[in-house]
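Participant: got a predicted structure plus its sequence, pasted below:
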Amino acid sequence: MTGTPARRQDDPMPAARVREILARIEGARIAVCGDFCLDAYWMLDPRGSEVSVETGLRAQAVARQAYTLGGAANVVANLAALRPAALRAIGIVGDDLFGRDMLRQLQALGVDTAGMIVQRGAFDTVVYGKRYLSDREEPRIDFGFFNARAPDTDNDVLAHVRRALAECDAVVFNQQIPGGLSPAFIEGVNALADEFPRAALLCDARHDGARFPRVLRKTNDAEAARLAGTPIDDRIHPALRDLEAFASDVFARSGRPVFVTRGPLGLLTADADGLHVTPGLQVLERIDPVGAGDTVTSALAACLAAPIAPAEAAAFANLAASVTVRKLFQTGTASPEEVLAASAYPEYIYQPELAHDTRHAAYLPETDIEICGRPLPDLRGVRHVVFDHDGTISTLRQGWEQVMEPTMVRAILGDHYASADATLYQRVSHRVRDYIDKSTGIETIVQMGALAEMVREFGAVPPGERLDAAGYKALYLTALMDVVEARLARLRRGELSVDDLTMKGAVAFLRALRSRGIHLYLASGTDDADVRREAEALGYADVFDGGIYGAQDAASTHAKRRVIDRLVATHGLDGSCLAVVGDGPVELREARRRGGVAVGIASDEVRRYGLNPGKRARLIEAGADLLLPDFSQSRHLLALMDGHHD
């Protein structure tokens, strides 16, 4: 299989298929064996700290504490959230408070804990003590890293694993603690794998993976490299082509499916059908990746028990992980309802290697038109083209980032804007800049919803003075419209021309399309009245025979999605008839979902021509088929639409 090209699962898994998988999981019987842990969260508050009279040292006061299931226990919790028919836990706890609390939590989930062995000596329940000070994690305090598993304990665990392999649809083996497994125990697990060769025994072993040769395997990218004989540091992330070779090699040795996680870039699966790439999902909110790997393991196990083919299992697990990374300061789980919601409009990250490495770029001959990784799309059948407005055609709103950043910072700090210390001011500014950079191209109301969350998070503004997303949008647009109105005034006075306020060649391209009988639509996240007024002022409103559509009110969302939905429904279109042209990820992802041609405009809005490298990366990751810096070479697109290219 080495060298086999990957089969890229670029198309989202339909929500209807996710619903079918969830229904099949309801009948599955699953067992989890491994290192059962607790994650202890201690939220410190220096205001409650005192100096010890005895030692003279300052204590650290815990304002809040929480204890959640971790390691194999978190795999169980994630499986329980998916509601299988039966769930067993097989492992070891100490005779201590932490062990008793873990068993209580597992039993509250309806888990069969008969296989949880209490070792009453030389064994402490494994606990990761996570101390947080001002939302920053301090060095951990770990319990149970000097445990000695008794031979009788290992024998009891193996007996329960054997019963699970005989009676359950899938068994997970989850190993996290270094040096915790004896050679005899590892031999016992391998003997059971030989005894039940058709069993779905999924191994997620952080330290001893190479010692289990005949299991289905879930691993990360660095571990996959080491399993294939290429030792690398955990901080090194192999390129996709190298990772394909590693996964192929591991699969060839075991003959069992291999699932490789790639963090935010998704998963790679190797099985008897070849290689499958599941693209990552863009998450704009703050994330907490702790426990996401356990979510992937549990979702894979649930699908294998259903049973679901490996490539689909990876796509399902990818959706589940996108739910849990959004849950902060907890090892969260993903319910069926949450996974189903995540499948409705997933924002996949396509071709990140191409996006961030121009060495792989391929162009239409003698042009600056980039063909983004797939075969040259067929434009001959395109009869309907949806255009984004700002940054694609118009540059009236160029510089919006420089307006949004101070608006957001002032909103977050409120009355403390002038008096905030440098540390707080820099934290807020960095957070705002990072969010604006990641969210460029999405609708303003969504960005303002994120602002409302940041205002709540930083807590500088009293609850009674906070606004909702629509309120913050109104503040931002007031500042932005001052810029827009000044430019329109200069246009009316003749100090600026239409060419000064539009992308190079954009207006001529619009009129060339209309002359060919192509139906044009303008779809914008800008408020409806404003986008109509600006298109009229710039002299091209008349070309959009299909209509001009913007946000209907201050709080409305997904204007571009609604336009494309209406267009497809009204005309009964399939993807071959539709193209979408824009400089933002939103519209390109909408084209990709419907099988239309996604044409990205990586525009430099200051010069109004030439490539913006940052936009190029974002648009490729959003699924662009073709990428143009501007419309100066649009005659080549027209030639493609006419069925030839000179």
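Facilitator: Yep, it's here.
Participant: got the contact list for R490?
Facilitator: L496 (CB atoms under 8 Å, 6 or more residues apart in numbering). In short, each C-beta sits where N, CA and C put it, glycine included.
Participant: what secondary structure does it sit in?
Facilitator: Here R490 is recorded as helix under DSSP: H, G, I helix; E, B strand; the rest coil.
Participant: confidence score at it?
Facilitator: On pLDDT, R490 comes in at 97.
Participant: how much space between the residue positioned nearest the centre of the chain and G91?
Facilitator: Centroid-nearest residue in the chain: L281, 2.9 Å away (criterion: CA atoms, centre = their mean). Relative to G91, L281 is positioned 31 Å away (criterion: CB to CB, to the nearest Å).
Participant: and if you look at L165?
Facilitator: Following CB to CB, the distance that separates L165 from G91 is 16 Å.
Participant: show me what contacts L97?
Facilitator: Listed by CB under 8 Å, 6+ apart, the contact set of L97 is empty.
Participant: again, only this time at 10 Å
Facilitator: Applying CB atoms under 10 Å, 6 or more residues apart in numbering, we find L97 in contact with 67, 125, 127.
Participant: got any ranges where the chain has weak pLDDT?
Facilitator: Within the chain, the segments meeting pLDDT under 70 span 1-11, 287-290, 329-331, 374, 553-557, 644-646.
Participant: domains in it, as residue ranges please.
Facilitator: Domain assignment for the chain by automatic domain parsing gives 6-35+72-122+146-349, 352-395+502-641, 400-492.
Participant: and the last one, how far apart are its ends?
Facilitator: For domain 400-492, the first-to-last residue distance is 22 Å (CA to CA, to the nearest Å).
Participant: strands along the stretch 101-250 of the chain, start to end?
Facilitator: Here the stretch 101-250 of the chain has its strands, by DSSP state E, counting those that start in this stretch, at 112-119, 126-133, 136-137, 141-143, 170-175, 201-205, 216-220.
Participant: so which of these gets nearest V325?
Facilitator: V325 sits nearest to strand 216-220 of all the strands of the stretch 101-250 of the chain, at 14.8 Å, using CB to CB.
Participant: adjacent strands (with direction) for the closest one?
Facilitator: Strand 216-220 has its sheet partners listed here by DSSP bridges as strand 201-205 (parallel), strand 258-261 (parallel).
Participant: dump those to TSV, plus mean neighbour count and distance to F212.
Facilitator: Converted to TSV, these look like this (neighbours: other CB atoms under 10 Å; distance: least, CB to CB, whole Å):
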stretch	mean neighbour count	distance to F212
strand 201-205	27	5
strand 258-261	27	12
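Participant: now render the ones you listed as CSV, adding distance to D95.
Facilitator: As requested, those are arranged in CSV below (distance: least, CB to CB, whole Å):
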stretch, distance to D95
strand 201-205, 26
strand 258-261, 35
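Participant: out of those strands, which gets nearest to W400?
Facilitator: Ranking the strands paired with strand 216-220 by proximity to W400 (CB to CB) places strand 258-261 first, at 36.0 Å.
Participant: remind me what the next helix or strand after the closest one packs against, helices and strands.
Facilitator: Next along the chain after strand 258-261, taking DSSP states H and E as the criterion, comes strand 266-271. In terms of contacts (3 or more CB pairs under 10 Å, 6 or more residues apart in numbering; DSSP states H and E), strand 266-271 is packed against strand 6-8, strand 216-220, helix 221-227, helix 240-254, strand 258-261, strand 274-281, helix 292-305, helix 310-324.
Participant: M116 touches Q105, doesn't it?
Facilitator: No. Between M116 and Q105 there is no contact, the gap being 11.5 Å when judged by CB atoms under 10 Å.
Participant: and for those two, which residues touch both?
Facilitator: Joint contacts of M116 and Q105 (CB under 10 Å, 6+ apart) are A73.
Participant: which of the contacts of L97 lies closest to D468?
Facilitator: When those are compared for distance to D468 (CB to CB), Y67 wins out at 34.6 Å.
Participant: next, the buried residues of the strand or helix carrying that closest one.
Facilitator: According to DSSP H and E, Y67 maps onto strand 62-71. Neighbour counts over strand 62-71 (16 or more other CB atoms under 10 Å) mark 67-71 as buried.
Participant: in the stretch 351-500 of the chain, which spans are helices?
Facilitator: 352-355, 400-413, 422-439, 444-458, 469-492 (DSSP state H, counting those that start in this stretch).
Participant: neighbours around the closest residue to A247 other than its chain neighbours, how many?
Facilitator: Spatial nearest neighbour of A247, excluding adjacent residues (CB to CB, 6 or more residues apart in numbering): A270 at 4.0 Å. A270 sits with 30 neighbouring residues when counted by other CB atoms under 10 Å.
Participant: next one: the one 3 residues further on
Facilitator: Applying other CB under 10 Å, we find 14 residues neighbouring D273.
Participant: quick one: it from L240, how far?
Facilitator: For D273, the distance to L240 - CB to CB - is 18 Å.
Participant: circling back: can you add distance to Y476 and give the contacts of L97 back as TSV?
Facilitator: Conversion of those to TSV gives the following (distance: CB to CB, whole Å):
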residue	distance to Y476
Y67	42
T125	50
V127	45
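Participant: closest to I601 among these?
Facilitator: I601 has its nearest neighbour among these in Y67, at 51.0 Å by CB to CB.
Participant: across the sheet, point out what pairs with the closest one.
Facilitator: Beta-bridge partners of Y67, as defined by DSSP bridges: A40.
Participant: residue ranges for the strands of the stretch 451-600 of the chain, please.
Facilitator: 519-527, 548-551, 578-582, 597-601.
Participant: report all helices and strands that the shortest one contacts.
Facilitator: Applying 3+ CB pairs under 10 Å, 6+ apart, one finds that strand 548-551 contacts strand 519-527, helix 528-537, helix 559-571.
Participant: each with direction, which strands does the shortest one pair with?
Facilitator: Applying DSSP bridges, strand 519-527 is found paired with strand 384-387 (parallel), strand 548-551 (parallel).
Participant: so how far is the first one from its chain's centroid?
Facilitator: So that's strand 384-387. Put simply, strand 384-387 sits 28 Å off its chain's centre (CA atoms, centre = their mean, to the nearest Å).
Participant: pull the CA atoms of it into CSV?
Facilitator: Only the C-alpha atoms of strand 384-387 are listed here, as CSV (Å, rounded to 0.1, in the frame of the first residue of the first chain):
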residue,chain,number,x,y,z
HIS,A,384,-25.5,31.3,-12.5
VAL,A,385,-22.7,33.2,-10.6
VAL,A,386,-23.0,34.5,-7.1
PHE,A,387,-20.6,37.3,-6.1
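Participant: next, count neighbours for Y472.
Facilitator: The tally of other residues near Y472 (other CB under 10 Å) stands at 25.
Participant: that's all I had, so thanks and see you.
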